[in-house]
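In: one predicted model, sequence on top.
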Amino acid sequence: MKLIVEPTLRIEGEVTPPPSKSHSVRALLLATLARGTSTLKNILEASDTRAAMDVCRKLGAKITCVKNATGGLDCTVESNGAPLQTDETEIFSANSGIATTFTIPILGLRKETKHSMILSCGEQMMQRPIDTILDAVTKLGLKIKSTNGHCPLKISGALIGSEIEIDGTNSQNVSALLLALPLAPNTSIINVKNLQERPYVEMTLRCLDEQHITYTHTHSGDIDQFTIPGNQIYKPFEKTTPGDFSSASYIIAAAVLLPGHVIIDTMDMADSQGDKRLITILQEMGAHIKIEGKTIVIDGGHPLAGQEIDCSDIPDMVPTLAVIATQAEGKTTLTNVGHARIKETDRLKSMATELKKMGANIEEHATSLVIYHSRLFCASLDGYNDHRTIMALAIASLLPTDGASKITTAEGMDKTFPNFTTTMNTLGTKMHTAQQSCPLGTSSPKHLILIGFKNAGKTTIGQDLAKRLGLPFRDLDEKIIAHHENISGKKQSCREIMNEYGETFFRDMERIVLGEVTASPDVSIIALGGGTPIVEENRPLLTPHHVIHISAPKSIVFERIMINGKPAFFPQGQDAFISFQELWNSREPIFEKLATMTIHNNGSIKESVESILRQLVIKTTI
């Protein structure tokens, strides 16, 4: 999707930001590790927390939630606690960095740690390095097979505890260990070098304090040492999640930069969230901000003065501060923030590149940004599928007076602030999303998915169609084979995987890979295996997209299938053609029902592709 943002002269009103993601995920995981029933109020409803809930459920927790009046979730978490009892063999953490990282050491707290667990993640998360946490947990007792330090992971072994040294550039690695190690059998000592994002670690320590967990923390030079006795337990608890300062930063920025009067509720300045420091920074720059209890009151449009700001503890504020800095007099420097390059995207690069498109005078350095007062103009911008880049650019897009700006990959906002546009429009902005343009036309769904019986010609047609449209082609069977090789070390065909491990194993893996492929922000042509749409749980992943049924003469399809012998998905002990005919008669109606068009492949790939192109609705770009 594209986010389209029109210029705004003034904003007014009172709004409530979403609950804190950092608090929400920590609470869900702690409740899963505690034996009993925990009550969690105002949990964030967004893709990162949904990923964390999925992980917790796979680890044995029963989670029930209802939406509250402010849009958060009030949840009950029932769990048998650690050691975690689960029969699951694979967990999917989507594109959530926090859910993925925190889950890794927790998998060493299962009852049956001799059995391997596969931890898979989304395509974006697969690009992020996790070698630091992998090295740490390996020294603490886990056995891990990874893809060159990236997901997916094959994890076995128990988290035992020991003394380790770990780099502190990414605080999630430190917090993940702090949450898990109290439940290990041995005392652990974590020596953290060059700890960044310190407030997030302090948030985790506060969680331990609330649970009366014993630990010691010393800080000397560039080393933080944490000593954590083992064999401790977590107890069920009740907790209410405060508002998220990271998400609120976009509202705060807009309220400071534009004339008007804005009230922001549920913001607790006594909370451990480090991004609350934005308030102090803006006050020092000249913003008119008052704190009244848990309410922030802003009178906007006043002059701001540039500053040098050390962002080592607040890297998530870099996109917001970069936008604010374009409107501050003089020069603003955001320093000590090289770790902003290893988030969902390289945020130093994304903000420097996109703000330059708007006319900003900005310099990108290895660990800093230098921004000068600039007049901004409307532009077509790339959101990099990064929630923080997208929303920061949306605030920048309010400032030009020469027209609307358009930001790609708007769906990325769902990661932490799904109702961002609604909240901002309550204050008087004009933002809306529209289907992102692509060679299939702006009204077309994101992907073009080919379904049909095995050997009907989906792959060949898909490859040719991809060339004609200039889009990438993805064959789901090839993705499944690669995924299985990553976790097993064996390269096997789909038929061989199904023969050795059974259809249930294969379909579970197929669903995970299908989720990863369809979640990709890159518009593509995807060819599915014949059985993929038959599994009811897979169908919701297909329906948002443009589904094309490729059909071919029954006799030709049967001949192609039997070239390599009777396939595994035919019932054993039955005549092959009878098996084929029964499957054909059961599957073809499902294909027809799911499809937005059917193409009859009579042997000419060119004619089939031309037929698809004629039926696609081509519209101009937004």
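Out: Happy to help now that I have it. Bear in mind the structure is a predicted one, so any value in this text is a computation, not a measurement.

In: please tell me how far the residue nearest to His549 when sequence neighbours are not counted sits from Asp464.
Out: Distance criterion CB to CB, 6 or more residues apart in numbering; nearest residue to His549, sequence neighbours excluded, is Ala595 at 3.6 Å. Yep, even glycine has a C-beta here, placed from its N, CA and C like the rest. Shown here: Ala595 relative to Asp464, a distance of 19 Å by CB to CB, to the nearest Å.

In: now tell me what touches stretch 482-493 from outside.
Out: Ile118, Ser120, Lys145, Thr147, Pro152, Lys154, Ile481, Ile497, Glu500, Met509, Ile512, Val513 (CB atoms under 8 Å, 6 or more residues apart in numbering).

In: in CSV: the residues you listed, plus pLDDT and secondary structure.
Out: Compiled in CSV, those are given as follows (pLDDT from 0 to 100; DSSP: H, G, I helix; E, B strand; the rest coil):
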residue, pLDDT, secondary structure
Ile118, 91, strand
Ser120, 87, strand
Lys145, 91, strand
Thr147, 74, strand
Pro152, 87, strand
Lys154, 92, strand
Ile481, 90, helix
Ile497, 88, helix
Glu500, 85, helix
Met509, 87, helix
Ile512, 88, helix
Val513, 90, helix
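
In: Thr39 against Glu238, yeah?
Out: Yes: counting by CB atoms under 8 Å, Thr39 does reach Glu238; the two are 4.4 Å apart.

In: the more surrounded of those two?
Out: For Thr39 versus Glu238, neighbours defined as other CB atoms under 10 Å are more numerous around Thr39 (14 against 11).

In: three-state assignment of the more buried one?
Out: Recorded secondary structure, Thr39: strand (DSSP: H, G, I helix; E, B strand; the rest coil).

In: just to revisit the earlier point, show me the contacts for the residue nearest to His549.
Out: Ala595 touches Ile451, Val547, Ile548, His549, counting by CB under 8 Å, 6+ apart.

In: list the backbone torsions phi and psi for the residue nearest to His219 when sequence neighbours are not counted.
Out: Once flanking residues are discounted, His219 sits nearest to Gln225: 7.7 Å by CB to CB, 6+ apart. Here is the backbone geometry of Gln225 (degrees, to the nearest 10): phi -110, psi 130.

In: ok, Gln225 touching Ile190?
Out: Yes: at 7.1 Å, Gln225 counts as touching Ile190 under the criterion of CB under 8 Å.

In: of these two, which one has the most company?
Out: A count of neighbours by other CB under 10 Å puts Ile190 above the other of Gln225 and Ile190, at 24 against 15.

In: got a pLDDT number for the more buried one?
Out: Per-residue confidence at Ile190 stands at 98 (pLDDT).

In: from what I can see it touches Leu179, true?
Out: No: at 11.9 Å, Ile190 does not count as touching Leu179 under the criterion of CB under 8 Å.

In: remind me which residues of the protein are low pLDDT?
Out: 435-445, 563-573, 617-622 (pLDDT under 70).

In: per-domain residue ranges of it.
Out: 2-17+243-434, 21-240, 448-615 (automatic domain parsing).

In: can you get me the start-to-end distance on the shortest one?
Out: It stands for domain 448-615. 13 Å (CA to CA, to the nearest Å).

In: run the chain-centre distance for that domain.
Out: 27 Å (CA atoms, centre = their mean, to the nearest Å).

In: how close does the spatially most central residue of the chain get to Ser47?
Out: Centroid-nearest residue in the chain, with CA atoms, centre = their mean: Asn95, separated by 2.9 Å. Note on Asn95: its distance to Ser47, by CB to CB, is 7 Å.

In: find residues that contact each of these two.
Out: By CB under 8 Å, 6+ apart, the residues touching both Asn95 and Ser47 are Lys415.

In: picking that back up, what residues does the residue nearest to the centre of the chain make contact with?
Out: Counted by CB under 8 Å, 6+ apart, Asn95 has contacts Ser47, Ala51, Cys121, Gly122, Glu123, Gln124, Met125, Glu344, Lys415, Ala519.
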